[in-house]
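[1] Give me a 3D structure for the following:
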Amino acid sequence: MADAQLSGSLQFLFNRLASPELINFIQALNFSHELLSKLKRKLLVVHKVLNHAEMKQFSDPLVKEWLVQVKDAGYHAEDLLDEIVTEALQCQIEAADSKTSIISTSVDSSFANQNMDSRVMGLITMLENIEQERVELGLKEDEGEKLPPRSPSSSLVDESFVYGREEIKDEMLQWLLAGEQNEANNNVDVMSIVGIGGSGKTTLAQLLYNHEGVNQHFQLKAWVCVSTEAFLLEEVTKSILKEVGCATKSEDSLNLLQFKLKESVGSKKFLLVLDDVWDIKSLDWDGLRIPLHATAEGSKIVVTSRSETAARILEAVHTHHLEKLSPEDSWSMFTKLAFPDGDASAYPHLETIGREIVNKCQGLPLAVKALGSLLYSKVEEKEWEDILNTNAWYSQIVQEILPSLSLSYHYLSPPAKRCFSYCSMFPKDYEFDKEKLILLWMAEGLLDVGQADGRMEDVGESCFKELLSQLFFQKSNRKESCFVMHDLIHDLAHYISGEFCVCLEDDKVQKVADKARHFLYFKSDIDRMVLFKNFEAVGEVQHLRTFFHDKRFSFFIIFILSQRVLQNILPKFKSLRVLSLSRYRLTDVPDSIHNLKHLRYLDLSSTRIRKLPESICCLFNLQTLILNGCRCLLELPSKMGKLINLRYLDVTGVFQMKEMPHDIHQLKSLQQLPYVIVGKESGFGIGGLRGLPKIHGVLQISKMENVVRVEDALQANMKDKRYIDELSLNWDGRISNDVTESVAVDDILDKLQPHPNLKQFSLMNYPGVTFPNWLGDPSFSNLGSLKLAGCGNCSTLPPLGQLPPMGILLPCCISPFSHPYKLYRSRIC
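    Next up is the predicted model:
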């Protein structure tokens with residue numbers, strides 16, 4: 001397994017430095033390329049033992065501290081390499097402007113005056129010390145892939161310690177005892193129980209397995225605890241045979257084993273429980289299922305797993321996600337374990353504290369059990385308060401609970417591990433948006449892109465799906481589009497990230513470690529003032545990468561940020577990658593922002609800024625610029641085309657802006673441009689979209705009345721933009737017919753035919769008299785939503801009957817005062 005502790009962008013940076021152009025640049029500045037190669041070798045030596053260290057950190061505090069030093073060194077190396085690459089990029093862009101060579105372009109004096117060789121030597125010395133400590137700690141190369149064997153489960157269960165699963169148990173029993181045959185005619189159906197570690201999956205399966213009705217219904221039963229990293233078909237088959245009383249020999253081949261299994265279960269109603277399934281391949285599952293086709297109709301398989309992916313591969317007809325226990329069920333389990341004879345009434349002084357402890361367990365049975373057992377026989381109020389309010393709580397979580405949850409972490413891919421630990425920056429119960437989170441991961445360099453043409457967004461999407469399928473993320477119950485982490489999953493992320501991620505909530509003052517890299521200030525109250533003192537502690541950190549603000553009530557309130565934060569604190573963070581100042585009453589962005597050369601993510605949404613400084617166009621690493629809701633913003637900088645790494649630009653809701661810079665079409669890396677303002681002669685014209693073939697997702701084009709030439713519409717090349725899902729074309733509803741009659745509006749719309757992949761299309765205030773033929777073309781088989789509003793000049797609808805059935809169809813209203821097919825202008829439809 002590749003390294004998960006160090007950023008994936010290190011390898012990318014080393015690859016960049018190996019290019020001939022950058023080698024010449026380094027040599028021209030008298031930097032030692034040999035030293036950089038030595039630095040890379042030292043980093044790789046440390047990488048080789050990280051797998052072993054990752055697992056050992058949960059049992060050895062010294063290894064945990066060693067990992068902190070490794071990660072810190074990795075961050076320093078990444079900063080240094082990024083400085084070199086960024087300076088070379090700046091020289092390259094300036095050379096292109098002046099039509100000179102990159103080497104002849106002057107290098108920034110503050111960069112040239114640094115002794116890069118001495119900085120590289122310092123890092124090499126640091127890594128050599130880390131390598132020596134690695135030997136002393138007994139860390140070995142390529143260890144850690146094989147986890148220590150987990151305790152196998154059996155089918156036996158103590159039902160007196162089971163609480164809160166009656167409803168789901170009854171539902172699953174009904175399915176088990178039903179005799180219908182599945183649709184595939186394979187005689188055996190699969191049901192999966194999915195949940196995070198410690199949620200009670202095995203316990204529920206044990207209750208089902210031992211139920212009296214189940215014993216009477218099935219002729220044969222088998223309980224197999226898989227609990228291995230890979231699903232070993234031969235071993236699982238042997239275990240099933242032993243369970244049903246069929247002897248096996250060590251020399252038995254898989255073929256012989258499967259024939260024995262087929263004979264043993266043939267024509268019998270059979271129940272198989274596969275407990276703790278992790279990684280399983282479709283071929284292995286098919287191999288196990290084939291001999292089970294011989295079972296009698298009504299045979300069933302119950303699988304427990306932490307992975308939704310495993311449930312899909314097993315083709316489960318029912319998947320039950322174990323929810324957390326209710327507060328009362330958790331309290332009942334806790335009292336059973338914490339009080340003599342399970343009687344809390346004899347200790348009324350402990351009940352309030354006990355309920356607070358139970359609430360912190362967030363309904364996870366493993367946590368309730370661990371804390372209840374810890375407090376058994378402790379009757380002093382102070383002993384309980386110590387668990388609730390001090391490090392004793394966290395220590396118990398680390399010892400008893402995190403090792404179980406860490407098994408799931410071990411199976412994540414390296415990029416997903418990095419992305420997961422980064423999420424510890426957010427407060428508990430934080431509801432995060434998938435798209436924004438992926439943009440943050442991109443900015444921090446957490447996503448590996450193996451192929452030259454790979455998209456970071458796709459890698460981020462893959463990591464997100466992996467974390468969701470492995471239950472590190474869960475869908476929010478309050479916001480359908482958002483996701484959350486269970487509190488104890490958050491504790492795991494916090495343990496892994498350690499002091500590198502800091503979350504400051506409201507006015508709570510806390511010490512921030514010198515090694516901190518990611519900082520989030522979260523405001524949960526409605527006090528509009530955000531004071532300088534809230535940030536004094538983080539202001540002393542030298543190498544911060546993330547300065548992120550979020551607010552619980554951000555949709556309704558604009559906050560006031562102390563100017564001293566902008567003037568005295570932010571300029572210190574030269575290594576900043578992420579800067580979010582969303583929903584602050586900012587009117588100006590300091591011109592000095594160009595000094596943040598590493599910056600990749602800038603969120604100024606819903607601020608009061610009227611203009612961005614031209615110097616922002618010197619942020620050559622910038623990937624994401626969020627300006628949505630900046631209602632006072634009048635214009636964008638004139639040289640936006642220099643932001644050659646910009647991938648996401650959002651100016652939605654910037655109502656004062658009349659046009660966009662003409663050189664937007666030079667942003668060849670742009671992947672998402674949700675909102676486009678079509679300008680007149682001096683601004684960005686619709687034809688400029690031809691230069692943006694990679695844009696994905698939503699595209700809303702406003703001020704369509706500024707498109708006056710058919711050739712400009714044709715030049716936009718909308719037909720080839722295969723990645724656009726939602727397209728909206730908007731004219732100003734206030735323009736007069738006299739203006740539109742002088743323009744071939746119908747022809748213009750005809751030339752803007754989108755790609756057939758389109759899923760949603762909206763036409764607003766269209767002043768033409770006919771709809772284009774392509775609007776009803778059956779090739780638009782993916783179209784699920786069509787909105788036509790304010791198209792009052794059109795006399796007939798397009799041939800919508802040729803389109804597939806749609807979830808939403810909002811045509812223009814039909815006027816009851818004119819011809820039945822006459823459509824009138826409406827802003828409501």
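[2] tell me the helices in the stretch 251-400 of the chain, going along the chain?
    254-265, 282-292, 308-313, 327-338, 348-360, 365-375, 381-389, 391-396 (DSSP state H, counting those that start in this stretch).
[3] which outside residues touch the fourth one?
    Contacts of helix 327-338 with the rest of the structure, by CB atoms under 8 Å, 6 or more residues apart in numbering, involve 160-161, 163-164, 325, 342-344, 354-355, 357-359, 361, 363, 365, 368-369, 371-373, 375-376. C-beta here means a position set from N, CA and C on the backbone, and glycine is covered the same way.
[4] Could you tell me which of the residues you listed count as buried?
    Buried members of the contacts of helix 327-338, scored by 16 or more other CB atoms under 10 Å, are 163-164, 325, 344, 354, 357-358, 361, 363, 365, 368-369, 371-372, 375.
[5] Just give me the closest of those to Ser282.
    Pro365 (31.7 Å; CB to CB).
[6] Run through the residues that contact the closest one.
    Pro365 is in contact with 198-200, 203, 325, 333, counting by CB under 8 Å, 6+ apart.
[7] Tell me the pLDDT of it.
    Note for Pro365: predicted pLDDT of 90.
[8] do Val107 as well
    Val107 is given a pLDDT of 58.
[9] returning to what we had before: specify which member of the buried ones among the contacts of helix 327-338 is nearest to Thr770.
    Nearest member of the buried ones among the contacts of helix 327-338 to Thr770, counting by CB to CB, is Gly363, at 59.9 Å.
[10] what about the closest residue to that closest one other than its chain neighbours, neighbour count?
    Spatially, and ignoring its direct neighbours in sequence, Gly363 is nearest to Lys324 (2.6 Å; CB to CB, 6 or more residues apart in numbering). The tally of other residues near Lys324 (other CB atoms under 10 Å) stands at 22.
[11] right, and Lys324 touches Gln362 too?
    Yes: counting by CB atoms under 8 Å, Lys324 does reach Gln362; the two are 6.0 Å apart.
[12] Now for those two: what residues contact both?
    With CB under 8 Å, 6+ apart, Lys324 and Gln362 have common neighbours His486.
[13] Need the winner for burial among the helices of the stretch 251-400 of the chain.
    helix 365-375 (a mean of 22; mean count of other CB atoms under 10 Å).
[14] hmm, back to that, format the helices of the stretch 251-400 of the chain as JSON lines; extra columns: distance to Trp441.
    Below are the helices of the stretch 251-400 of the chain laid out as JSON lines (distance: least, CB to CB, whole Å):
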{"stretch": "helix 254-265", "distance to Trp441": "42"}
{"stretch": "helix 282-292", "distance to Trp441": "29"}
{"stretch": "helix 308-313", "distance to Trp441": "20"}
{"stretch": "helix 327-338", "distance to Trp441": "34"}
{"stretch": "helix 348-360", "distance to Trp441": "29"}
{"stretch": "helix 365-375", "distance to Trp441": "28"}
{"stretch": "helix 381-389", "distance to Trp441": "34"}
{"stretch": "helix 391-396", "distance to Trp441": "27"}
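[15] Provide the secondary structure category for Asp189.
    strand (DSSP: H, G, I helix; E, B strand; the rest coil).
[16] tell me the contacts of it?
    Each residue near Asp189 by CB under 8 Å, 6+ apart is listed here: 182, 299-301, 317.
[17] Please tell me how far it sits from Gln715.
    57 Å (CB to CB, to the nearest Å).
[18] just Leu788 next, same as before
    25 Å.
[19] Next: Lys428.
    Using CB to CB, we find Lys428 at a distance of 51 Å from Gln715.
[20] can you give me the strands for the stretch 101-250 of the chain?
    Secondary structure of the stretch 101-250 of the chain by DSSP state E, counting those that start in this stretch: the strands cover 188-194, 220-225.
[21] Mind giving me the packing neighbours of the shortest one?
    With contacts defined as 3 or more CB pairs under 8 Å, 6 or more residues apart in numbering; DSSP states H and E, strand 220-225 has these neighbours: helix 233-243, strand 270-277.
[22] Understood, closing this out.
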